[in-house]
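>>> no sequence for this one, just the structure:
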């Protein structure tokens, strides 16, 4: 049970239904997962999140699979079970192999380890890392 | 100033010096950044971290640039300044463009947003996301 | 199952029972939730946490509902299921509407997004934000 | 120094300049803080973040000051210095008193304490907290 | 600069001054660090935090040095610079050797690594770990 | 169900089986918990994690029980259920009493509280905490 009810299709406001239509059309599938059914309590929020996600995860300077694997790594770091499971499934649907998943996991472990070590020691940033690139 | 002293080359134990030699040989550069100079207080820890990092970030099912961008995303999520700066620099050295960096940032923002929304609503995991792949 | 046993009323030390009496009197309800039944293993800890919580959440410069919504937002950010659920229930008991809950969620999503973006970019703090108010 | 350059007004792409114009008009001030000057490297991202923030923080079921204090509490929990400082300043500009700020701080401390205690003990959620409200 | 002013001794309310007197008497030192000078804006909060800390860190089932090292490890995990530095100093003052500090760091790195791996894989808890001890 | 299958003994690659043999020999028990059965999908990762953990948790400048309690405190802070439960069990197996566990919990609560307060107030680090010890 979620904190707010997971809405069924026949409980949606018209503005939420329109977003679900776009989710279905974009994904080419009738399935709409529970995350959206919770966001649908606030149709304007639902619309903002979905449209931003759609743009953010579209092909660009990075390909969609790389983007999904980055999403999985962040979700693991935050300990969000729903997000780890849903984005792992999405990454597999986009072609992630089990070998790639295990490498993502290894980086998740390693980065969280060295992040913690750097924060534990409060190591000063080297000058060479402080210069940003010009635009 | 870090919590333990950032060691200069002439303050290294022989076992730490050997690791620094490998860092220099692997990277083809004389520069050894402060993180390792702090870890060097415990040469066995230094050696374990370095050797694990070297294997984890080597080309495999994922290419080194993809791995660095995942590392940057995790470091941003953890708020580790040293790690964000050093791995952004490493990703640039491996060819990351500014457009790619901005897309990594957009995913970092988006994933942290939806992770928080999923945790705020405690949305139940859809059955379809619960079945693992066979080995 | 928790890491330590959830204590029943007849398993409480006298000092813990006295705290439970105060929880019941303060809330005007016989129900004492599991969190306190776990803390009760250390009656002095139970007493400190309860008395601090009681003072912190009492009406002051902020009203109790505002305080509960802030508590919910922090709990969501930390991914603490127990805390999200118990403080959402507490906020509803204090009058939080579903519209208010959805706005809290929207802020939780937004703040976690921009927090992550600020940490990803290591944006320098503007001078104007650095001056504290005088006492 | 941030990871990407903090852009001056004369370095902005036209789409970014249009967003800055809206920030200035909305706030009734010529000042645009560094966060937006970093986001401006990706004008589409800048526009999405700004427009979502503007809607999220507008008066609604919660008033703007309550929203800012929730933002401050989340930023403190995430340890984001930039966000703590900029949203504390924003909350003060919206009328937050020092007494209110100290109460926000007390809740930040308390919620992070009990969140950690609940996670340390893995206390089971009481049945009464598991039933969501009907839509 | 902190978000609220760091108070000097002559700016303290009488209730805050009384707490400072107890900090000085307990520690046998005239020095009062900045954390308390910030908390002093709310003398009741200052008093609660100090008295709870004093009890929590006193000798008990665990000795004070072990307690400080646990404190350092948590502070590192949260990335709190102030806390890492102040509690590392406190641990050293209680006798922590550099070898012990490096072992704390190694555990901080290792635990953050395996925590992240367990969250990334969502590994189910073994039955044997689910049975709490009797009271 | 985890994101990757929990492997049974007869599904292990030979390199993974060798690590399981060492886990069993080191612990003097036939039981191998699920964490390792998930890591076993990548035998090289399994081996690195196990060997590092074995060294990190061995008696050194700190005794194994102190190390486990630090591990529990970090796991609680990260909200990792698997890690809290497995390391609490490990700490009990090494002799942790319930009184010690409750003191660990009290520190977990206290440190997360003051960490959050220090980050909320952005209190400047006192000069006396900035000087590292000489090597």
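Yes, it's here. Note that the structure is a prediction, hence the values are computed from the model and not measured. Numbers count the residues shown, from 1 in each chain, chains lettered A, B, ... in the order given.

>>> wait, does stretch A:85-95 contact chain C?
No: contact of stretch A:85-95 with chain C (Cβ under 8 Å from any Cβ of the partner chain) is absent, the minimum separation being 14.2 Å. Every residue, glycine included, has its C-beta placed from N, CA and C.

>>> what about residue A:79, neighbour count?
23 (other Cβ atoms under 10 Å in any protein chain shown).

>>> spatially nearest residue to it, not counting backbone neighbours?
Distances taken as Cβ to Cβ, 6 or more residues apart in numbering or on different chains place residue E:119 nearest to residue A:79, at 4.4 Å, with adjacent residues excluded.

>>> residues contacting the residue nearest to residue A:81 when sequence neighbours are not counted?
Of all residues not flanking residue A:81 in the chain, residue E:122 sits nearest, at 5.9 Å (Cβ to Cβ, 6+ apart). The neighbourhood of residue E:122, defined by Cβ atoms under 8 Å, 6 or more residues apart in numbering or on different chains, consists of A:81, A:84, A:85, F:1, F:2, F:3.

>>> mind running it again at 6 Å?
A:81, A:84, F:2, F:3 (Cβ atoms under 6 Å, 6 or more residues apart in numbering or on different chains).

>>> likewise residue A:71?
Listed by Cβ under 6 Å, 6+ apart, the contact partners of residue A:71 are A:87, B:111.

>>> name the residues of stretch A:57-74 that come out as buried.
Buried residues in stretch A:57-74, counted by 16 or more other Cβ atoms under 10 Å in any protein chain shown: A:57, A:60, A:62, A:65-74.

>>> specify which member of those is nearest to chain F.
Taking Cβ to the nearest Cβ as the measure, residue A:72 is the one of those closest to chain F, at 8.8 Å.

>>> what strand or helix carries that closest one?
helix A:64-78 (DSSP states H and E).

>>> of the contacts of residue E:122, which is the most crowded?
residue A:84 (29 neighbours).

>>> that one reaches residue A:77, doesn't it?
No: if you go by Cβ atoms under 6 Å, residue A:84 and residue A:77 don't touch, sitting 9.8 Å apart.

>>> picking up where we left off before, separation between the residue nearest to residue A:81 and residue E:20?
48 Å (Cβ to Cβ, to the nearest Å).

>>> is the residue lying closest to residue A:78 once chain neighbours are set aside within a helix or a strand, and which one?
Ranked by Cβ to Cβ, 6+ apart and with sequence neighbours excluded, the top spatial neighbour of residue A:78 is residue B:115, at 4.5 Å. Following DSSP H and E, the helix or strand that holds residue B:115 is helix B:98-121.

>>> next, the buried residues of that helix.
Neighbour-count burial for helix B:98-121 [16+ other Cβ under 10 Å]: B:98, B:100-121.

>>> and that helix, how far from the chain's centre?
18 Å (Cα atoms, centre = their mean, to the nearest Å).

>>> quick one: average pLDDT of it?
If you average the pLDDT over helix B:98-121, you get 98.

>>> ok, back up a step: okay, and which of the contacts of residue E:122 map to helices?
A:81, A:84 (DSSP state H).

>>> between the contacts of residue E:122, which sits nearest residue B:40?
Of all those, residue B:40 sits closest to residue A:84, with 34.9 Å by Cβ to Cβ.

>>> and the closest one, how far from residue D:52?
Going from residue A:84 to residue D:52 by Cβ to Cβ gives 24 Å.

>>> excluding covalently adjacent residues, which one is nearest to residue A:13?
Closest to residue A:13 by Cβ to Cβ, 6+ apart is residue A:43, at 5.1 Å.
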